[in-house]
Structure formats: C-alpha cells, structure tokens
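*Asks:* Give me coordinates for this.
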Amino acid sequence: MAHGQPARRVVDLLTGAWQAQALYAVAALDLPDHIAAGATSTAKMAAATGCDQDGIERLLRLATAMGVFEDTADGYRLTPVGELLRSDDERSMRDMAVIYGEEFHRAWGEVVPALRTGTSGFALAFGTPLRGYLETEPGAGEKFQRAMNAGNVFFPDVLKAYDFTACRTVVDVAGGSGTLLATVLREHPELHGVLFDLPHVIPVAREHLRSAVEPGHWRTVGGDAFQEVPAGADVYLLSRVLQDWDDERCVRLLSVIRKAMPDTGRLLIVERVIPTDGSGLLALLWDLHLLVAAGGRERTLDGYRDVLAAAGLRLESVTPMALETSLLVAAPDPASPA
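*Replies:* Numbers count the residues shown, from 1 in each chain. The predicted model follows:
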C-alpha cells in the first residue's frame, strides 16, 4: 500500500484539472440554474441545455461525487457548493468558473513556454496580454470584472481588520467594479468614497455603485494611477493590484499614492502573502497563475516591505483574511521624503 500512495497522489494531482473543467461545464451549461428552476432529472437537463443525455448524466454523476449536487429520490438538488454556481445568487461564483475554464485554462496550456520565456501564458495563447484582451475583446472586460467579484468573499473581512470610524474620505485606487468600496460605504455611510480607475472601467463601476450605495456618498474619477490619484483622502484602498506588476511598476504606483496621501493617511492593501514556512497553498498557486495569466506575481512579506519602503511607506500591520488573503496597512514613513 505504501508504494501505491505516491502514484495515487500523482494521479489525483493530474486529474485536478479535469475536476476544474467539469465544474466549468456545470457553470457554462447553467445546470444549477436549471435545477433551481425545476429541471431535476437528466432528461430535463439534457433538454434544457441541448446536450446529449448520456453526457449530462455522466457529468452530473461526477459533479455529485465532487459535492456540487446531491442525487435524491426526487432528482438532483443543489448543495451549498452548487448554490454558489447559480447566476442569480448574490454570492455567485459562476463567472469565475467560466473564465477559469475558458481563458485561463488556455493560458495554463502555455505554462512551460511561459516559464522558459518569462512571457505570460495568456499572451502566448491569445497573441495579446490579458490587459489588451480585456480592452479590445467585446464583453471580456465585464466578464473579467464579474469573475473578480466572485472571488471577493474576503471583502467583509476588511471591515473587521480595519477601523474606519475616524475616517471621512476613502479612495479605492484601481477599484474595478466598486465592490470593495461599496462594502465599506454600506457599513460606514458617514464616509465619502471615490472610485478611481481607467476611463473604460468607470461605466461598470458607476452602474454597480448606483445599485449598491445611496447617492451622494460616492463619485467616480477616471485616470491613470501611475500618473496621479485623487489627493487628500484619509484612506486609500489597493485591492489585488500590486500582484499584477513587477517591483519597479509597484514602486511607481505606490509613490504616486504616497504623494497624494496626507501624513496621517493610511493605505490598505489586499493581497496574498507568500508563506515562507511551508504553510498554505493558495498563495503559491496564485503566484504561478499570475505568471501564466498576467505576468504578475505574489510576494513574501519582506517583498511587500521592500516595495513599500522604496515608495516612502512602512508596513504597519498585517491581518490574515479568508482565502489566504491578507490586509496590509501601510503608513507614510516620516524618515523618507514624500
């Protein structure tokens, strides 16, 4: 038995991609939505999706073993995992499953050339970097933002990790659809929020903020964060942005934010920290994924300290959050010139 265990581990690791693609198929075919609407048999789901019934039955059997569905005497039912793949669930992770099963799956197919050349697997697979793809491919930017939102289950932890009660203004730099800013403003309606991002992102952010936050508590500003950000806020938010850039670009971005901050201001950074003690796997997976997908990287705590120090900031505290993310709070370093 001892000799078989390593072989089984290799097989389990190799077939992990098959599980991910099966989950993608479940999401792309909207099976959780169909089950919620009453299509609980294989025949009904095959008809609803236009798929071969035998294929659907085999997919359902696997997804049930994976804990996505439950096979009952009255037909298939959703487990809590399956509920998260419904398109109408407010916590929905459906779009995350779709983009991971489509664009990111193709990008990972180029992992070896990416490692050899230092070029992102996405650029090798699609002929353009992820950022260019999101800007030019119809619907891709919105799809990516929905996928990012699906992975934001740790945003409420930010409210537990940092006390906003003494603050008056908050700027979310490269804030995307505004989900994090909305989370903060709903909990602290006395705050005024500014979402800052590239001009083509602003319409998506404005639409989300209008539906999530009372008017008069926020505004949007379009621009390039590597050039200038709104000045004078009490708190700046930077969620999963540093991971997209090399150290030089991170220092440049952080320096722009430091210039805009008052000496009493704080920068809240949401990122994954690479463990140096062998614990945790998600940060390591995302670190390689960032190389494959966008040419970015996760960093160790010392790596974050280095880029912050180079921009005139010092790391004040680190708080672990869900999904192996952390909230890093940075303050202006009085020993460094602004």
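*Asks:* and after the helix or strand of the chain with the lowest mean pLDDT, which helix or strand comes next?
*Replies:* When the helices and strands of the chain are scored by mean pLDDT, DSSP states H and E, helix 140-150 comes last with a mean of 80. Note on helix 140-150: by DSSP states H and E, the next helix or strand toward the C-terminus is helix 155-161.
*Asks:* so after that next one, what's the next helix or strand?
*Replies:* Next in sequence after helix 155-161, counting helices and strands by DSSP H and E, comes strand 169-173.
*Asks:* Show me what that following strand is packed against.
*Replies:* Counting by 3 or more CB pairs under 8 Å, 6 or more residues apart in numbering; DSSP states H and E, the packing neighbours recorded for strand 169-173 are helix 179-187, strand 192-197, strand 235-239, helix 247-260. Just so you know, the C-beta spots here come from the backbone N, C-alpha and C atoms, and that holds for glycine as well.
*Asks:* can you redo those as a markdown table with mean pLDDT and mean neighbour count?
*Replies:* Shown next, in a markdown table, are these (pLDDT from 0 to 100; neighbours: other CB atoms under 10 Å):
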| stretch | mean pLDDT | mean neighbour count |
| --- | --- | --- |
| helix 179-187 | 95 | 21 |
| strand 192-197 | 98 | 23 |
| strand 235-239 | 97 | 25 |
| helix 247-260 | 97 | 19 |
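*Asks:* Now distance to residue 162 too, for the ones you listed, in TSV please.
*Replies:* Putting these into TSV (distance: least, CB to CB, whole Å) gives the following:
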stretch	distance to residue 162
helix 179-187	9
strand 192-197	15
strand 235-239	8
helix 247-260	16
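*Asks:* Not counting residues beside it along the chain, what's closest to residue 307?
*Replies:* Spatially, and ignoring its direct neighbours in sequence, residue 307 is nearest to residue 250 (4.6 Å; CB to CB, 6 or more residues apart in numbering).
*Asks:* thought that neighbour was touching residue 306?
*Replies:* No. When contacts are counted by CB atoms under 8 Å, residue 250 is not listed as touching residue 306 (9.5 Å).
*Asks:* buried sites along stretch 325-337?
*Replies:* The neighbour-count check on stretch 325-337 (16 or more other CB atoms under 10 Å) flags 325, 326, 327, 328, 329, 330, 331, 332, 333 as buried.
*Asks:* Give me the residues contacting it.
*Replies:* With contacts defined as CB atoms under 8 Å, 6 or more residues apart in numbering, stretch 325-337 is touched by 154, 157-158, 161-162, 258, 261, 263, 265-273, 304, 308-309, 312-321, 338.
*Asks:* Run a quick neighbour tally on residue 33.
*Replies:* When neighbours are defined as other CB atoms under 10 Å, residue 33 has 18 of them.
*Asks:* mind listing what residue 32 touches?
*Replies:* Residue 32 makes contact with 26, 68, 78, 82, 83, 85, 86, 87, 94, according to CB under 8 Å, 6+ apart.
*Asks:* Was I right to think the fifth one contacts residue 93?
*Replies:* Just to be clear, that refers to residue 83. No. Using CB under 8 Å, residue 83 makes no contact with residue 93, being 9.8 Å away.
*Asks:* Looks like residue 175 contacts residue 195 (just checking).
*Replies:* Yes. Counting by CB under 8 Å, residue 175 touches residue 195, with 4.3 Å between them.
*Asks:* Show me the shaky parts of the stretch 1-150 of the chain.
*Replies:* Where the stretch 1-150 of the chain drops to pLDDT under 70, the residues are 1-4.
*Asks:* Many thanks, I have nothing further to ask.
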